[in-house]
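In: after the sequence you'll find the predicted model.
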Amino acid sequence: MTEAYLIEALRSHGLKVTPQRHLICQLIAQAEGEHPSAEMLYEQAARVMPTLSLKTVYTTVSELAQIGAVRLERFGTDNLRVDTHMAPHAHAVCQECGRLEDMPIAEEALAALWEAVGESSFRIDDCEVIYRGLCAQCSEAKCTKNGREGWQAGWQRRNQYGRKRRKCI
């Protein structure tokens, strides 16, 4: 997602592109795939524009979400995070450091999820798939901290679903 796309989205919905909004769009575009929170964007923006308020960041991010240019997600955390990847995908969340990563999701899996709820009495508007675990860095650090040689030296075992999982030895 580019800065130009975000700015054009604001303009095409009749919203004025102020210097503050321009900067926020620039920071969101630069953070592609990082899922920044409004607080993270504010910290970066305040270095460039000290008069910018956190409220302005929240308002701009909210407006971008309302017009469909970005999505706001919680990912199991307290903070709303900006997701610029609009195509269907899953997320992996590190339970140690909070790192978020986009994960591909097969069309067949997505179709199966929608089919599973199709017979319920709910009108489903959206679906999220979130994997929770440890990112490679936190897993490596945890293995090293425990005096082991790290994630790559681990062995595989099967979890309750029959899937292989890595574990430090």
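Out: Ah, there it is.

In: any idea how far Met86 is from the nearest residue to Leu15 once chain neighbours are set aside?
Out: Nearest non-adjacent residue to Leu15, counting by Cβ to Cβ, 6 or more residues apart in numbering: Glu63, 6.1 Å away. All C-beta atoms are positioned from the backbone trio N, CA, C, and that covers glycine. Distance, Glu63 to Met86, using Cβ to Cβ, to the nearest Å: 16 Å.

In: ranges for the strands of this structure?
Out: Per DSSP state E, the chain carries strands over the ranges 71-73, 81-83, 90-94, 100-103, 130-133, 155-158, 164-167.

In: pull out the buried positions in the longest one.
Out: In other words, strand 90-94. Under the neighbour-count criterion of 16 or more other Cβ atoms under 10 Å, strand 90-94 has 90-94 buried.

In: ok, so of the residues you listed, who is nearest Leu6?
Out: Distance to Leu6, by Cβ to Cβ, is smallest for His91 among those, at 20.9 Å.

In: show me what contacts the closest residue to that closest one other than its chain neighbours?
Out: Of all residues not flanking His91 in the chain, Ile130 sits nearest, at 5.1 Å (Cβ to Cβ, 6+ apart). Counting by Cβ atoms under 8 Å, 6 or more residues apart in numbering, Ile130 touches 75-76, 90-93.

In: from the buried residues of strand 90-94, which single one is nearest Asp102?
Out: His91 (6.4 Å).
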